[in-house]
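Asker: kindly generate the corresponding structure for this input.
(2 chains)
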Amino acid sequence: AQSVAQPEDQVNVAEGNPLTVKCTYSVSGNPYLFWYVQYPNRGLQFLLKYITGDNLVKGSYGFEAEFNKSQTSFHLKKPSALVSDSALYFCAGFYGNNRLAFGKGNQVVVIP
Amino acid sequence: GAGVSQTPSNKVTEKGKYVELRCDPISGHTALYWYRQSLGQGPEFLIYFQGTGAADDSGLPNDRFFAVRPEGSVSTLKIQRTERGDSAVYLCASSFTGEETQYFGPGTRLLVL
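Answerer: You can find the predicted model right below:
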């Protein structure tokens, strides 16, 4: 099945510490991979994407993600978390079938 | 520039009623998508338009759901004989082409009583 998985439900991190949100993807085809962030009562905001090329992708608000083909992972990272980074984060894959396949989402809580 | 807009932001209706949800995509985007997001879940695909035509409606759950995009811009998602299980946030997204980044609107929160 063409899908992505976010194995954790909630990620708690202290402000100023590194933040990592995990995502793995199914290897059917060569999907484009995306990260989106959702703040309360708002739509999904695009953070970054991987299509091909450099495995380290840099995106908005200081976020980056590392594509790892051998581990079929696309983890989202930020070197120093801010309280304002507290939100719901979604990983998604585009498998060329006209749709994004989303993970279930991870709630990130940054503790002051 | 203006992003994707959706109206209404909230809709409360009674079981059995008909509702219409509107999406205004980013100007110039030919591809338009509808997704449904239930509480605690990621968005699930409903339908994809390329221009005026529904290129892929395989995600629509049943024939009570229908969507149109008559002029290749604004789209309307129509739900007939609403059921309590239809309660969710309905998200619209658009992209320049069918394989580019999808940009999402704020969603319409539908509550069926």
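Asker: my read: A:A14 touches A:S86, true?
Answerer: No. In this structure, A:A14 is not within contact of A:S86 by CB atoms under 8 Å, at 11.9 Å. Just so you know, the C-beta spots here come from the backbone N, C-alpha and C atoms, and that holds for glycine as well.
Asker: burial of residue 8, as a residue count?
Answerer: Chain wasn't specified; assuming chain A. When neighbours are defined as other CB atoms under 10 Å in any protein chain shown, A:E8 has 13 of them.
Asker: hmm, I had chain B in mind actually
Answerer: Around B:P8 there are 13 residues (other CB under 10 Å).
Asker: go on, A:K104?
Answerer: With other CB under 10 Å as criterion, A:K104 counts 16.
Asker: and it, how close does it get to B:P70?
Answerer: 35 Å (CB to CB, to the nearest Å).
Asker: shared neighbours of A:A14 and A:S86, which are they?
Answerer: Contact criterion CB atoms under 8 Å, 6 or more residues apart in numbering or on different chains; residues shared by A:A14 and A:S86: A:V110.
Asker: which strand residues bridge the most centrally placed residue in chain B?
Answerer: In chain B, the centroid-proximal residue (CA atoms, centre = their mean) is B:W34; its distance is 3.5 Å. Assessed by DSSP bridges, B:W34 has beta-bridge partners B:I47, B:C92.
Asker: next up, the contacts around it.
Answerer: By CB under 8 Å, 6+ apart, the residues touching B:W34 are B:C23, B:F45, B:L46, B:I47, B:A67, B:S75, B:L77, B:Y90, B:L91, B:C92, B:A93.
Asker: now chain B, which segments are flagged as low pLDDT?
Answerer: Low-confidence segments of chain B (pLDDT under 70): B:1.
Asker: for it, just list every one of the helices.
Answerer: In order along the chain, chain B carries no helices (DSSP state H).
Asker: could I get the full set of strands for the chain?
Answerer: Just so you know, I chose chain A. Under the criterion DSSP state E, chain A contains strands at A:4-5, A:10-14, A:19-21, A:24-25, A:32-38, A:44-50, A:56-58, A:64-68, A:73-78, A:87-94, A:100-102, A:106-111.
Asker: right idea, wrong chain: chain B
Answerer: All strands of chain B, identified by DSSP E, fall at B:5-7, B:10-13, B:19-24, B:31-37, B:44-50, B:53-56, B:65-68, B:75-79, B:88-95, B:103-104, B:108-112.
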